[in-house]
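# Okay, structure incoming, though there's no sequence with it:
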């Protein structure tokens, strides 16, 4: 009797373990969002099914800021640029009296942002150009190793969404190739996306400045120039996807109006596609914002997601955990 | 005794087969070029060796025109553009009197070429822009299915180099990711490179015109615009490689001065890289040209290849076969 009881317990234990192992998205609450993902992946990977998609065409594209990691209280790349102004200030005494650099050095973010796009562009050019691609990658790595998020006190790389990491893994396990398609700088992301997301540099698409090939004492380098090359946002996202991948994705994930055209390119027209919006609804564990936010505004796209029947993730109710460190 | 003899014969047969199966480059004559390739691949794939390179970093880049397929008597894409002018002429009555279109329609290639880069650019824009990316891909496929090379009478896709196909396969079998990096149009190559070279669209880098995202009656399209986006030639090749791949290649293959910077980016500086030039030396089976050719000029780069000790393939003496149809 005692042995039978032990056997039953063991069987229950093994069963529970098997159920747990079978759940590819353990940080997602069971619900419509999670189910819609699993249903889609099952459909496109079932051989002989009407919606079957061969593995090489299983392209999934992810926005980064606000979709894979946080973007509040400011884009993390902007925090990088501000820190970079401070680090470079000794070489630029003129910044003490010149905007927007003066405001940055005085910690007056309000004045910086009041300068609008022009001020931000000037900051980006002053902090992102002038060195080689290899030097810049090192600067990014050094910053990420030390800088801390102002609210959580965590390294920025710790502020990635655990449920999305599981989703990336789940898709790759089902033959998908996962890409980042972000308005952020392509060279700002590539030094760390492989370690953090499992996405190698050749699968990162982003905004870029121009570069020039040079031989310096026989050493080839690419010099980063203070001129915009490509803005990978809004209608630029389908353009960037076509330029880099040359295939239309079958799954797209975003969180703001800036991702709308990418999701349209994936899901509209006579084709099977999966589109998902991450809706920031959790003021306690992360942030809550949408239609009126200056960062990651989700307004027109939220309406379109509802009209088109795309999946909308309610972060507060769909995600058990947001960050791995919770 | 008879049985022993049969056994010896069988053993010899099996041995011969094994030797054949073990040769990854059967269309290459044994010699310095072939040996240099095999030595390099062995070095970077031997675990624990001083030159070992992890698989994700085994990036190999190939020029296309003159390196993977022929480029004489004119770039195949130019033949496409000329045929396209003829196909579109009924919609453009004004071309009958306007250069360079008039010359094309009259089969007067000399006048076309006399127009220089400006005339060629006008031809490309008139024949490559104005439709959607999906429409253009279909036009390319239709042309390749019917057009024949003026000298061999073969389909253009049959004029790929058999030894290079074996090389691509050999590299991939050793964990390399193979890329095309061509001055030719990215959208002209993508519709067929996977079937012909085993290189998927996302691993094709080329020159491009601009595109614009549009919703046409709810259908998303990318419209091809008559404006240059990127010229993937000379110093543009390292720039394109960095933009698309974000890693420096460890092997590069070219045939003209236009590939020099790509090979420098791969092989110069403090790193282990493999660089190879295909030298067109076989007037009988293919073409013989180098320092003074208008197409695929190989002059400065031939000197640099010799100075730097890069591999130079002598097509006549290094390749047993050039085309599969021989």
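It's in. Small disclaimer: the values here were computed from a predicted structure and weren't measured. Residues are numbered from 1 along each chain as shown, chains lettered A, B, ... in the order given.
# Now the phi/psi pair for the most centrally placed residue in chain A, please.
Nearest to the geometric centre of chain A sits residue A:64, at 1.3 Å (C-alpha atoms, centre = their mean). Backbone geometry at residue A:64, expressed as degrees, to the nearest 10, gives phi -100, psi -70.
# And for it, nearest residue in space, chain neighbours not counted?
residue A:182 (3.8 Å; C-beta to C-beta, 6 or more residues apart in numbering or on different chains). Yep, even glycine has a C-beta here, placed from its N, CA and C like the rest.
# picking that back up, surely the residue nearest to the centre of chain A is in contact with residue A:184?
Yes - with contact defined as C-beta atoms under 8 Å, residue A:64 counts as touching residue A:184 (5.6 Å).
# anything in contact with each of these two?
Common contact partners of residue A:64 and residue A:184 (C-beta atoms under 8 Å, 6 or more residues apart in numbering or on different chains): residue A:206.
# Read off the pLDDT value for residue A:5.
Predicted confidence (pLDDT) for residue A:5: 60.
# same question but for residue A:77, I mixed them up
97.
# Show me what the host helix or strand of it is packed against.
Using DSSP states H and E, residue A:77 sits within helix A:76-88. The contact analysis (3 or more C-beta pairs under 8 Å, 6 or more residues apart in numbering or on different chains; DSSP states H and E) places helix A:76-88 against helix A:101-105, helix A:116-128, helix A:133-146.
# What parts of chain A come near chain B?
By C-beta under 8 Å from any C-beta of the partner chain, the part of chain A that sits against chain B consists of A:56, A:133, A:177, A:186-187, A:190, A:194, A:200-202, A:204, A:208, A:211-213, A:215, A:218-220, A:222, A:229, A:235-236, A:238-239, A:242-247, A:261, A:264-265, A:268-270.
# Of those, keep whichever come out buried.
Among the residues of chain A next to chain B, those classed as buried by 16 or more other C-beta atoms under 10 Å in any protein chain shown are A:133, A:177, A:186-187, A:190, A:194, A:200-202, A:204, A:208, A:211, A:213, A:220, A:222, A:235-236, A:238-239, A:242-247, A:261, A:264-265, A:268-269.
# Let's see which of those residues end up in helices.
In this view, these that belong to helices under DSSP state H are A:133, A:186-187, A:190, A:194, A:236, A:238-239, A:242-244, A:261, A:264-265.
# can you redo those as TSV with distance to residue A:160?
Shown next, in TSV, are those (distance: C-beta to C-beta, whole Å):
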residue	distance to residue A:160
A:133	24
A:186	18
A:187	19
A:190	16
A:194	13
A:236	24
A:238	25
A:239	26
A:242	27
A:243	26
A:244	22
A:261	24
A:264	26
A:265	25
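# so which of the residues you listed comes closest to residue B:276?
residue A:133 (24.6 Å; C-beta to C-beta).
# For that closest one, give me its contacts.
So residue A:133 contacts A:187, A:211, A:221, A:222, A:224, B:242 (C-beta under 8 Å, 6+ apart).
# how close does it sit to residue A:218?
According to C-beta to C-beta, to the nearest Å, residue A:133 stands 18 Å off from residue A:218.
# repeat for residue A:132
Residue A:132 is 15 Å from residue A:218, by C-beta to C-beta.
# which residues in the stretch 201-326 of chain A form strands?
A:204-216, A:219-230, A:251-254, A:274-279, A:311-314 (DSSP state E, counting those that start in this stretch).
# Pull up the pairing partners for the first one, direction included.
Strands that pair with strand A:204-216, judged by DSSP bridges, come out as strand A:177-185 (parallel), strand A:219-230 (antiparallel).
# Please name the nearest non-neighbouring residue to residue A:318.
The nearest residue in space to residue A:318 (C-beta to C-beta, 6+ apart) is residue A:33, at 4.7 Å.
# So that neighbour sits against residue A:276, correct?
Yes - contact criterion C-beta under 8 Å: residue A:33 and residue A:276 qualify, at 7.5 Å.
# for the residue nearest to the centre of chain A, what are its contacts?
Counting by C-beta under 8 Å, 6+ apart, residue A:64 has contacts A:180, A:182, A:184, A:189, A:206.
# Just give the number of residues close to the second one.
So that's residue A:182. Residue A:182: 30 surrounding residues under other C-beta atoms under 10 Å in any protein chain shown.
# What distance do you get for it to residue A:319?
On the measure of C-beta to C-beta, residue A:182 and residue A:319 end up 21 Å apart.
# do the last one as well
Distance check for residue A:206 against residue A:319: by C-beta to C-beta, it reads 25 Å.
# What residues of stretch A:300-320 count as buried?
So, applying 16+ other C-beta under 10 Å, buried residues of stretch A:300-320: A:301-302, A:304-305, A:310-316, A:318-319.
# Figure out how far that stretch is from the centre of its chain.
Put simply, stretch A:300-320 sits 17 Å off its chain's centre (C-alpha atoms, centre = their mean, to the nearest Å).
# and for it, what are the contacting residues?
A:26-29, A:31-34, A:36-37, A:161-163, A:254, A:256-257, A:259-260, A:263-264, A:267-268, A:274-282, A:284-286, A:288, A:290-291, A:322.
# Could you tell me the average pLDDT over that stretch, please?
pLDDT averaged over stretch A:300-320 gives 98.
# With stretch A:245-260 instead?
Stretch A:245-260 shows a mean pLDDT of 98.
# what's the spacing between that stretch and its chain's center?
Worked out by C-alpha atoms, centre = their mean, stretch A:245-260 lies 11 Å from the chain centre.
# Next: stretch A:273-282.
13 Å.
# List the buried residues of it.
A:273, A:274, A:275, A:276, A:277, A:278, A:279, A:280, A:281, A:282.
# quick one: which of these is nearest chain B?
Closest to chain B out of the buried residues of stretch A:273-282 is residue A:273 (10.5 Å), distances taken as C-beta to the nearest C-beta.
# pretty sure the closest one is touching residue A:249, no?
Yes - counting by C-beta under 8 Å, residue A:273 touches residue A:249, with 7.3 Å between them.
# one step back: how about TSV for the contacts of residue A:133, with distance to residue B:137 and pLDDT added?
Below are these laid out as TSV (distance: C-beta to C-beta, whole Å; pLDDT from 0 to 100):
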residue	distance to residue B:137	pLDDT
A:187	30	98
A:211	29	98
A:221	36	98
A:222	31	98
A:224	33	98
B:242	26	98
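# Mind picking the two most distant members of these?
Largest pairwise distance in these, by C-beta to C-beta, is 13.7 Å, between A:187 and A:221.
# For the stretch 51-200 of chain A, which residue gets nearest to chain B?
Residue nearest to chain B within the stretch 51-200 of chain A (C-beta to the nearest C-beta): residue A:190, separated by 4.7 Å.
# Please name the nearest non-neighbouring residue to that residue.
residue A:201 (4.1 Å).
# For residue A:77, see how far away the one you found is.
17 Å.
# which residues does the nearest residue to residue A:246 once chain neighbours are set aside contact?
Among residues not flanking residue A:246 along the chain, residue B:201 sits closest, at 3.2 Å (C-beta to C-beta, 6+ apart). Residue B:201 is in contact with A:245, A:246, A:247, B:190, B:193, B:194, counting by C-beta under 8 Å, 6+ apart.
# Let's see that with 7 Å instead.
A:245, A:246, A:247, B:190, B:194 (C-beta atoms under 7 Å, 6 or more residues apart in numbering or on different chains).
# List the contacts of residue A:204.
Counting by C-beta under 7 Å, 6+ apart, residue A:204 has contacts A:180, A:186, A:189, A:190, A:193, B:246.
# let's see it at 6 Å
Contacts for residue A:204 (C-beta atoms under 6 Å, 6 or more residues apart in numbering or on different chains) come out as A:180, A:186, A:189, A:190, A:193.
# Need these in JSON lines (columns: pLDDT).
Shown next, in JSON lines, are the contacts of residue A:204 (pLDDT from 0 to 100):
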{"residue": "A:180", "pLDDT": "98"}
{"residue": "A:186", "pLDDT": "98"}
{"residue": "A:189", "pLDDT": "98"}
{"residue": "A:190", "pLDDT": "98"}
{"residue": "A:193", "pLDDT": "98"}
